[in-house]
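Fold the following for me, if possible:
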Amino acid sequence: QVQLIESGGGLVQAGVSLRLSCTASGRSFSTYAMGWFRQAPGKEREFVAAASWTGTNTYYADSVKGRFTINRDNAKNTVYLQMDRLKPEDTAVYYCAASVSVLFVTRGRVDYWGQGTQVTVSS
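Purely as a prediction, here's the structure:
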């Protein structure tokens, strides 16, 4: 079992930056690919970003490419999502996710989910 706890969400104005953190406990964090998803009100949960277990390979949704960066610190069992130049359309609950494969993450095939953290971007 892997437990994922997100933090760092909040209410911010458009154009600023925010960093989300997800700390894992349980089975070996470094053996899992990690990712972030988000779900806006009335919409389905969507893929945002993923990182391989070493962090070498990363993938992003087109909507966040160039603005968001995923990275991980395996020594701290933590994955981060750096969000720059935030837009109102980035408003959503953001979920951390773990899977055995980074490609699985990009396809939504997730083994473990966090509880989510709210990000609200005002215009």
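
quick one: low-confidence parts of the protein?
27 (pLDDT under 70).

how about a cut-off of 80?
26-27 (pLDDT under 80).

now the spatially closest residue to Gln1 that is not a sequence neighbour: how far from Ser7?
Spatial nearest neighbour of Gln1, excluding adjacent residues (C-beta to C-beta, 6 or more residues apart in numbering): Gly26 at 4.8 Å. Bear in mind the C-beta positions are built from the backbone N, C-alpha and C, glycine included. Note on Gly26: its distance to Ser7, by C-beta to C-beta, to the nearest Å, is 17 Å.

and if you look at Gly114?
10 Å.

Between these two, which is the more surrounded one?
Remark: of Gly114 and Ser7, Gly114 carries more neighbours, 22 against 14, as counted by other C-beta atoms under 10 Å.

Would you confirm that the more buried one contacts Ala97?
Yes: counting by C-beta atoms under 8 Å, Gly114 touches Ala97, with 7.2 Å between them.

list residues touching both of those two?
Common contacts of Gly114 and Ala97, defined by C-beta atoms under 8 Å, 6 or more residues apart in numbering, comprise Leu4.

related to what we said a few turns ago, quick check: bridge partners of the residue nearest to Gln1?
Val2 (DSSP bridges).

any idea which element the residue most central in space within the chain lies in?
Closest residue to the average C-alpha location of the chain: Trp36 at 2.3 Å, with C-alpha atoms, centre = their mean. Element membership for Trp36 (DSSP states H and E) is strand 33-39.

residue boundaries of the helices in this protein?
102-106 (DSSP state H).

How are the strands of it distributed by residue range?
2-7, 10-13, 18-26, 33-39, 46-51, 58-60, 68-73, 78-83, 92-99, 112-113, 117-122 (DSSP state E).

which parts of the longest one are buried?
Residues Leu18, Leu20, Ser21, Cys22, Thr23, Ala24 are the ones in strand 18-26 that count as buried (16 or more other C-beta atoms under 10 Å).

Distance to Pro88 for these - can I get that in a markdown table?
As requested, these are exported to a markdown table (distance: C-beta to C-beta, whole Å):
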| residue | distance to Pro88 |
| --- | --- |
| Leu18 | 13 |
| Leu20 | 17 |
| Ser21 | 23 |
| Cys22 | 23 |
| Thr23 | 28 |
| Ala24 | 30 |
